[in-house]
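Undergrad: here is a sequence together with a model predicted from it:
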Amino acid sequence: MEAQAEALPAVRARPALTPARAILIGGIALALVLPFLAKSFLVFQLNLVLVYAIAICGLNLLTGFNGQFSLGHGAFYAIGAYTAAILMEHGGVSYVWTLPAAGLICFIAGFLFGLPALRLEAIYLALATFALAIATPQILKLSPLEHWTGGVQGIVILKPDAPFGLPLSQDQWLYFFTLAVALLMFWAAHNLVHSRTGRAMMAIRDNRIAARSMGVNTALYKTLTFGVSALYTGVAGALGAIVVQFVAPDSFTFSLSIALLVGLVVGGVGWIPGALFGGLFVLFVPNIAEHISKGLSGAAYGAILILLIYLMPSGAGGFFRLLATRAAKWRRRS
């Protein structure tokens, strides 16, 4: 028996702390410390970065993992924002409970929009979602809805204080609240992508005919993915409304949908952590471009975007995968 035991190959123990886990733990630790080191306005900006990251994560589930192209996610962001604002202003609902309400309403809206969109592919689906993004701000201005939406004047929301007497400012508390929601939703997205449902989503993206021949209900998974993607964006919209304290139709123009799409590409299509890099780009790069030249901010923004895409053709996701591959080769050589 001892000889047989000696003949068995030694099993290499898997390290408890992988580089990816170490980066994740370090990133969370840094995120928890940042609001105590940064000024109030920067904390407010970081709140918006997390909000945009959640919305981009939802768009990534639809485009990056299911292959459906959308130019209309600004509409779902607006629906989520108005859901939170109306519930808080007219219903007296706590800001915490507006998030699941916004997510549920946007899930239903996304699912219902996904049903007729099943007949559309590629640029035709993009055109349909483009129409949705264009129409939503105009619908919010309609006089029959003005009592609820505030019309062109919008709705002002009161920013919540920290509960339980915590020694935190309003922006600091909202930052931790938004961070907790973002971590929960990123964790849920990771589990979804690595589940059987996620494999079905990616199979439809890679080859719809082959997926159908393998028994995947493509219609069901495509509409469900559209609904889940809208849910993420709606929750982001609700959080954005609470952070900014104001919603108005002109805040949700087509440029918002384009910004989310740009954030998706910059962060990396099909890479969930890339949504955070996309959120940073969406918020800070336009400000940097305006600092470079107020009169030519659009040109500066375009130049930065072209340079970034030239240096990282696959976005931040491709860049980090390249670094990981080279690091693995270096470890094998050493």
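TA: Okay, I see it. Numbering: from 1, shown residues only.
Undergrad: what's the nearest residue to residue 211 if we skip its chain neighbours?
TA: residue 203 (3.9 Å; C-beta to C-beta, 6 or more residues apart in numbering). (C-beta placed from N, C-alpha, C; glycine too.)
Undergrad: OK, contacts around the nearest residue to residue 301 once chain neighbours are set aside?
TA: In space, and not counting its chain neighbours, residue 301 is closest to residue 289: 3.9 Å by C-beta to C-beta, 6+ apart. Residue 289 makes contact with 297-298, 300-301, 304, according to C-beta atoms under 8 Å, 6 or more residues apart in numbering.
Undergrad: what do you get if the cut-off is 10 Å, keeping everything else the same?
TA: Residues in contact with residue 289 (C-beta atoms under 10 Å, 6 or more residues apart in numbering) are 296-305.
Undergrad: okay, it and residue 310: tell me how far apart.
TA: Residue 289 is 17 Å from residue 310, where distance means C-beta to C-beta, to the nearest Å.
Undergrad: show the pLDDT at the residue nearest to residue 301.
TA: Predicted confidence (pLDDT) for residue 289: 90.
Undergrad: quick one: it is in a helix?
TA: Yes - assessed with DSSP: H, G, I helix; E, B strand; the rest coil, residue 289 lies in a helix.
Undergrad: state the distance from it to residue 29.
TA: For residue 289, the distance to residue 29 - C-beta to C-beta - is 31 Å.
Undergrad: what's the answer for residue 158, then?
TA: 32 Å.
Undergrad: again with residue 212
TA: For residue 212, the distance to residue 29 - C-beta to C-beta - is 45 Å.
Undergrad: which one's more surrounded, these two?
TA: Of the pair residue 212 and residue 29, residue 212 is the one with more neighbours under other C-beta atoms under 10 Å, namely 14 against 10.
Undergrad: wait, a strand at that one?
TA: No - per three-state DSSP, residue 212 lies outside any strand segment and is helix.
Undergrad: that one: what's it in contact with?
TA: Taking C-beta under 10 Å, 6+ apart as the test, what residue 212 contacts is 203-204, 218-219.
Undergrad: name the nearest of those relative to residue 108.
TA: residue 219 (17.1 Å; C-beta to C-beta).
Undergrad: list the contacts for that closest one?
TA: Per C-beta under 10 Å, 6+ apart, neighbours of residue 219: 114-115, 118, 204, 212.
Undergrad: for residue 70, give its distance to residue 249.
TA: Distance from residue 70 to residue 249, by C-beta to C-beta: 20 Å.
Undergrad: higher neighbour count, those two?
TA: Shown here are residue 70 and residue 249; by other C-beta under 10 Å, residue 70 has more neighbours (30 against 21).
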